[in-house]
Every structure is written in C-alpha cells, then in structure tokens.
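1. Following is a predicted model, sequence given first.
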Amino acid sequence: MKTTQRRAAFIVVGTIALSLPGAALIAQRPVVPPQRGSPPNAETPYILVTAFRAANKQLAVEAADELRERLKQEHSAKELFVLMKSNIENTLTASGYPTDTALNTSDLMELAKQMRGEYTTEASVKKTGVGNAVRVETRMLLRAGSQVIAQPLPAVDAKDVGDAAKQIDKSITEALKQIPAYKECRTALQAGKFDEALAKARAGIVAYPRAAWSRNCLLLAFASSKAPPDSMIAAGNELLATDSTNMLALANLADAYLAKAQKQKAIEIMLRMYAIEPNRKTLDGILPIIGDDAPEKGIPILKGLIKDNPGDAELVRNLWLLQLRTSQFKDALVTGEELAKLDTAAANRDFYNRMIGAAQNDSNAAKVQELAAKGAQKFPKAADFPQILAQGYRRAGQLQQAFAAARKAAELDPKDPRGWMLAIYTAKDLNQMDSVLALTKGAIAAGTDKAQLEPVFLQIVLPAAKKADESKQRADWQALLTLAQTVDAALPMPAWKFYIGLSEFSIGLDALQTADKLGQQTGKTAKESRAKACVEAKLVEEMWANSTIAMTSGGGGAYNRESAGSVMSAIQQYNQYIPKLKTNNCTGK
C-alpha cells in the first residue's frame with residue numbers, strides 16, 4: 001500500500017480502531033494496568049511512542065515498550081498521557097502498517113494526528129559492546145501549523161533498554177520544561193506581538209537550555225519582525241546547534257547570507273538543505289542560486305533526481321542548462337537530445353542555437369551541420385540556421401551548397417548583413433563576379449553598411465594589384481583597371497579610386513615607354529612606328545589625366561596618401577615628354 005493510501009486509512013480507522021475485529025486480539029493479551037491518574041483531562045497532552053528504528057525488530061518493539069512504560073510510571077495521566085500500545089497497534093494493523101517497524105516521519109505524524117498525539121517520539125536503537133548494552137538516539141516531534149519541528153534529545157548509552165528508557169524519560173521531562181513559554185511564544189507570534197514572542201522564546205530557552213522548539217519560535221519572531229541579517233544568522237546557528245537538520249534554520253540562514261551578499265555561504269547552507277530533503281521542492285528553491293554561482297554543484301544533484309524521476313523533462317532541462325554553463329558541452333549535447341525527445345516544445349530556436357553553440361565549442365562540425373539543418377527545417381523563416389549551414393559548407397569546401405544557404409539567409413533577413421557577406425564571399429570564391437556585384441547592390445539597398453563590404457572587395461582587388469605590380473605587364477594593369485572600375489560601379493569607395501588611378505598611371509607609363517621606343521624606329525617601318533607611337537602618346541595623355549582625377553577629386557589619395565603622392569609626382573615629372581612625343585609622332589611627316 002502506498003503512503004498516501006495508508007495515510008487515508010489512518011483518517012478512516014483512527015476514530016474507530018477499538019470497534020474493529022482487532023479488539024478481540026486485545027482481549028487475548030495480558031491486561032495492562034492503566035496509567036495512574038487516568039483518565040486524562042481535556043487539556044492533557046498525549047504522547048505517541050511507536051517501534052524504534054532498529055536492525056532487529058524485537059529490539060525495536062522492546063525499546064518502545066520500555067519507554068512507554070517508563071513514561072506511564074513517571075507521569076500521571078493528567079500531566080502527560082501515554083497513548084496505549086493496543087490502540088496504536090490496532091490502528092497500524094487496520095491501516096496496513098506493520099507494528100514492529102518504525103514509520104517514516106510523515107506517516108508517524110499522521111498517526112499522531114489521528115490519535116491526538118501532541119508529542120511524538122522518533123528513535124533509533126542499536127546494540128553496543130557486550131550483553132544487552134544499547135545506544136539510543138531520540139528526538140521529540142510536534143506539529144506547529146503545517147510544519148513538523150523536532151527537539152533532539154541527548155544520545156543515550158545504557159546497559160539495556162530499560163536503563164535507556166529511564167534516561168530518555170528524564171530528557172523528555174527536561175525538554176518539556178520549555179513548553180509553557182514556547183506555547184506563549186506561538187500565541188504572541190500569531191497575534192503579531194513580536195517583542196513578546198521574543199521574550200517568551202528566550203524564557204523557554206532559560207527553562208531548557210537545549211530548547212530547539214523555543215529557538216524555532218525565536219527565529220520565527222525575528223523573521224516576522226524583519227530583523228537584520230546578523231540577528232537571523234545568530235538565531236539560525238543557535239537553532240542548528242540544537243537541531244542540525246532544522247529546515248527553518250537552514251532556509252533563514254541561506255536568506256540572511258544572500259542578504260549580506262555572502263553567496264558561497266548561502267550555497268553551502270542550501271546544499272545541506274538538499275542533503276536533508278533531496279526532493280523537487282527543495283531543489284526548486286536552491287537551483288536558481290546554485291545555477292548562478294556554483295552550477296557544478298547542482299549537476300550531481302540533478303543527475304540523482306533524474307535517476308529517481310525518469311522522464312521528468314524539467315529536471316533534464318535544468319541539467320542541460322547547467323552543463324552548458326559549466327562548459328560540459330559533450331554532455332550537454334547528449335542531455336539536449338534527451339530533452340528534445342521528452343518535450344518537443346522545448347526544442348525551440350533558442351534550444352537549437354544553444355545546442356549548435358555546444359557543438360561548435362566541442363569542435364563537432366558534423367553535429368553543427370546536423371543541428372543547423374534540423375533548425376532550418378523546423379523554423380523555415382529563421383535566417384540564423386541557413387547562415388550557420390553556409391559557414392559549415394564553406395569550411396568543408398562545399399561552395400555551391402554554401403552559396404545557396406547564404407542566399408537563403410539574405411532573403412530571409414535582408415537587414416542582417418551576415419547573410420549578404422557570406423553570399424558575396426562565396427560568389428567571389430566561385431569566381432562569379434556578376435553575382436558578387438548583384439549581391440553587393442542588394443546588400444546596399446537593404447541597408448548594409450558599405451564599410452562592411454570593403455574587406456570582401458579588397459580580397460578581390462588586392463590579388464590583381466599584386467599580380468600587376470609583380471609582372472609590370474600592361475595587360476595585368478588593364479585587368480586591374482577593369483576590375484577596380486567594375487567594383488567601383490557597385491560600391492564607390494576611395495580604395496577603388498586609388499587602384500583605378502594606379503592602374504591608369506601604370507598603363508600610361510608603359511605607353512610612354514612604348515611610344516619612346518616606337519618613335520626611335522628608322523627605315524621602312526619608321527612611318528608606321530611613329531603612327532603607333534602617336535597612339536601611345538595620346539593614351540599616356542588620356543590615362544594620366546584620368547589618373548590625376550582619380551587620385552585627387554576622386555578621393556583615391558585619401559586611401560593611400562603616400563603612394564598617391566608618388567604617382568602624382570611621377571606624372572608631373574614625365575608629363576613634359578608628352579608634347580615632344582606628339583610633335584615627333586603625330587604631325588604626319
């Protein structure tokens with residue numbers, strides 16, 4: 001039977017346990033004398049004692065029996081009424097619980113509630129040394145509103161369970177000395193009288209220096225009155241000193257440390273909370289802080305929870321995010337794929353972009369392409385996935401696929417220059433100048449900054465300039481001139497004016513040298529040579545006039561002042577030879 005079902009059984013059975021057939025069993029047992037001073041008054045508190053936690057079931061039952069009997073002997077029924085063993089066992093049996101096995105805390109408190117037990121003992125016992133010697137660790141529990149709070153008692157080392165019961169009874173008697181002041185503290189707290197609550201809590205601590213219940217009320221009074229963090233820390237640590245598992249103390253300590261910006265201390269406290277109660281409720285409280293400041297500590301916690309809760313998509317998502325944050329990219333790829341299987345809605349654009357980032361950081365090019373392709377298929381109007389595909393295809397040398405993907409990215413988001421740039425670069429690599437120019441015009445029309453386009457055209461122009469400079473051949477300078485003019489028509493910039501002017505100067509210089517050689521020819525070919533020299537001389541005049549314009553008013557000089565200055569100086573120096581060349585070769589003689 002599940003816990004929830006059993007708990008429901010308590011609710012049904014608790015009030016009718018004595019009328020069940022189990023009553024016949026009671027008649028077969030030895031008659032147990034009633035507690036002295038019976039019956040209890042209406043205000044008398046009841047205490048519930050059930051089987052201890054022990055490796056040996058007989059020992060678990062004997063220890064509980066001894067404590068129950070000791071309490072009956074030492075306390076009158078009007079002072080502290082001990083719930084009868086027969087009633088306890090009948091209720092447990094009718095609810096489907098064994099009578100010789102310790103209950104967990106929640107079931108124990110449910111049983112106490114149904115049997116009017118104000119106090120409950122929760123104990124463990126084990127054999128020690130030789131003979132019947134035992135060690136017992138006990139704590140008393142009571143319910144405060146919806147919370148269960150504990151009062152740990154001193155551990156007992158005794159010669160046998162009877163001796164242990166005697167010592168535990170003394171500890172219970174001492175612990176109960178705080179109760180009058182504790183109850184007054186709770187009453188003042190509920191009435192909003194925080195100063196009074198603090199005073200009563202301190203009185204309870206004076207009555208019983210090890211008081212955990214009174215310190216619990218003290219901490220609540222501080223929290224309710226919005227006491228400063230240092231007060232909360234002091235009260236929280238005092239409570240933990242008496243009850244190391246007190247969740248109220250831990251929660252308030254964590255908040256106080258966060259208020260003082262001591263995040264590492266807060267995280268340490270939060271991890272203690274999770275170790276005590278490793279469940280989703282505790283995790284939801286601590287994960288945001290751990291995720292921000294100590295994500296690596298949250299990963300093993302989440303892995304443990306996922307193991308116990310297979311198929312929980314939210315847990316898997318949190319693990320995935322922490323793995324990404326801690327750069328565990330290979331693991332994040334595996335976890336992310338599991339998340340997408342568990343929750344298809346989680347596989348949104350952000351998911352794919354994060355997964356692609358993880359694959360890139362893991363140097364997994366194949367996974368990058370795979371994820372980008374899936375993203376492009378699922379989100380056909382998103383430009384980021386075609387961009388990533390284009391980059392991957394370019395790196396793999398698959399230029400045609402890269403060009404198609406880049407064109408798609410530019411079409412989907414014309415305002416994003418990255419798609420245009422990828423397409424232009426790829427068209428350049430494919431030697432498709434017409435596409436380069438058309439794409440450039442499209443990019444500019446879409447608002448792409450011209451300065452972003454300059455680098456790609458430099459990659460086109462500079463190799464041609466280098467080739468012409470090295471060869472000094474007019475054909476190479478002419479090729480550079482044509483290229484620079486074509487680029488300038490699509491993207492007017494000073495750089496292209498400079499290369500236009502440099503090309504025209506170099507063509508003119510070559511024409512000047514050619515005209516000089518042709519003009520010196522004699523013999524039968526002299527007349528024909530002078531005609532050619534005349535053409536060359538006019539070409540020099542034309543090229544250098546154009547070069548001067550390109551380098552000055554065209555703006556070429558702004559791109560490379562030093563080289564432009566050298567060109568202009570050379571033109572001025574050699575211009576004096578042009579009239580003589582024309583006179584000698586263009587007069588028709």
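-> Yep, that arrived. Numbers count the residues shown, from 1 in each chain.

2. if I pick the closest residue to E277 other than its chain neighbours, what's in contact with it?
-> Nearest non-adjacent residue to E277, counting by Cβ to Cβ, 6 or more residues apart in numbering: M247, 6.7 Å away. All C-beta spots, glycine's among them, are computed from the backbone N, C-alpha and C. Contacts for M247 (Cβ atoms under 8 Å, 6 or more residues apart in numbering) come out as M273, I276, E277.

3. Equivalent analysis for Q35, please.
-> K72, H75, S76, A77, F81, V82.

4. What about the residues you listed, which one has the most neighbours?
-> The residue in these with the most neighbours, by other Cβ atoms under 10 Å, is F81 (24 neighbours).

5. so what's the backbone phi/psi at that residue?
-> Per-residue torsions, F81: phi -90, psi 130 (degrees, to the nearest 10).

6. Distance check, the closest residue to it other than its chain neighbours against E79.
-> The shortest distance from F81 to any residue other than its chain neighbours is 3.9 Å, reached at P40 (Cβ to Cβ, 6+ apart). Remark: distance between P40 and E79 (Cβ to Cβ, to the nearest Å) = 9 Å.

7. ok, now Q432?
-> On the measure of Cβ to Cβ, Q432 and E79 end up 100 Å apart.

8. Please apply the same query to Q264.
-> 49 Å.

9. can you check L502 too?
-> Taken as Cβ to Cβ, the span from L502 to E79 is 110 Å.

10. if you count what's nearby, which of the two comes out ahead?
-> Taking other Cβ under 10 Å, L502 and E79 do not tie; L502 has more neighbours (26 against 16).

11. helix/strand/coil for that one?
-> helix (DSSP: H, G, I helix; E, B strand; the rest coil).

12. Excluding chain neighbours, what is closest to it?
-> Using Cβ to Cβ, 6+ apart, the nearest residue to L502 is V567, at 6.4 Å.

13. For that neighbour, the count of nearby residues, please.
-> By other Cβ under 10 Å, the residues close to V567 number 25.

14. cool, and the one 4 residues further on?
-> Neighbouring residues of I571 were enumerated by other Cβ under 10 Å; the total is 21.

15. how about the nearest residue to it, chain neighbours excluded?
-> W544 (4.9 Å).

16. In contact with the one you found, which residues are there?
-> W544 makes contact with E504, F505, G508, I571, N575, according to Cβ under 8 Å, 6+ apart.

17. and it, which of the three is it?
-> Secondary structure for W544, judged by three-state DSSP, is helix.

18. where does it land on pLDDT?
-> Each residue has a pLDDT score; the one for W544 is 96.

19. Isn't I500 up against I549?
-> No. With contact defined as Cβ atoms under 8 Å, I500 does not reach I549; the gap is 9.3 Å.

20. With neighbour numbers in mind, choose between these two.
-> I500 (25 against 15).

21. What's the separation between the more buried one and D195?
-> 89 Å.

22. what number of residues lie near the closest residue to A294 other than its chain neighbours?
-> Spatially, and ignoring its direct neighbours in sequence, A294 is nearest to I267 (4.9 Å; Cβ to Cβ, 6+ apart). Residues contacting I267 under the criterion other Cβ under 10 Å number 21.

23. Likewise for I47?
-> Number of residues near I47 (other Cβ under 10 Å) recorded here: 22.

24. Excluding covalently adjacent residues, which one is nearest to it?
-> With sequence-adjacent residues excluded and distances taken as Cβ to Cβ, 6+ apart, I47 is closest to Y119, at 4.4 Å.

25. List the buried residues in the strand or helix carrying the one you found.
-> Following DSSP states H and E, the helix or strand that holds Y119 is strand 117-127. By 16 or more other Cβ atoms under 10 Å, the buried positions in strand 117-127 come out as G117, E118, Y119, T120, T121, E122, A123, S124, V125, K126.

26. Give the rounded mean pLDDT of that strand.
-> 96.

27. what packs against that strand?
-> Counting contacts by 3 or more Cβ pairs under 8 Å, 6 or more residues apart in numbering; DSSP states H and E, strand 117-127 packs against strand 46-48, helix 57-74, helix 105-114, strand 134-144, helix 161-175.

28. one more time with 6 Å
-> strand 46-48, strand 134-144 (3 or more Cβ pairs under 6 Å, 6 or more residues apart in numbering; DSSP states H and E).

29. Mind putting these into a markdown table with distance to K170?
-> Shown next, in a markdown table, are the helices and strands packed on strand 117-127 (distance: least, Cβ to Cβ, whole Å):
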| stretch | distance to K170 |
| --- | --- |
| strand 46-48 | 15 |
| strand 134-144 | 12 |
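
30. can I get those strands in a markdown table with mean pLDDT and distance to K226?
-> Shown next, in a markdown table, are the helices and strands packed on strand 117-127 (pLDDT from 0 to 100; distance: least, Cβ to Cβ, whole Å):
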| stretch | mean pLDDT | distance to K226 |
| --- | --- | --- |
| strand 46-48 | 96 | 36 |
| strand 134-144 | 95 | 20 |
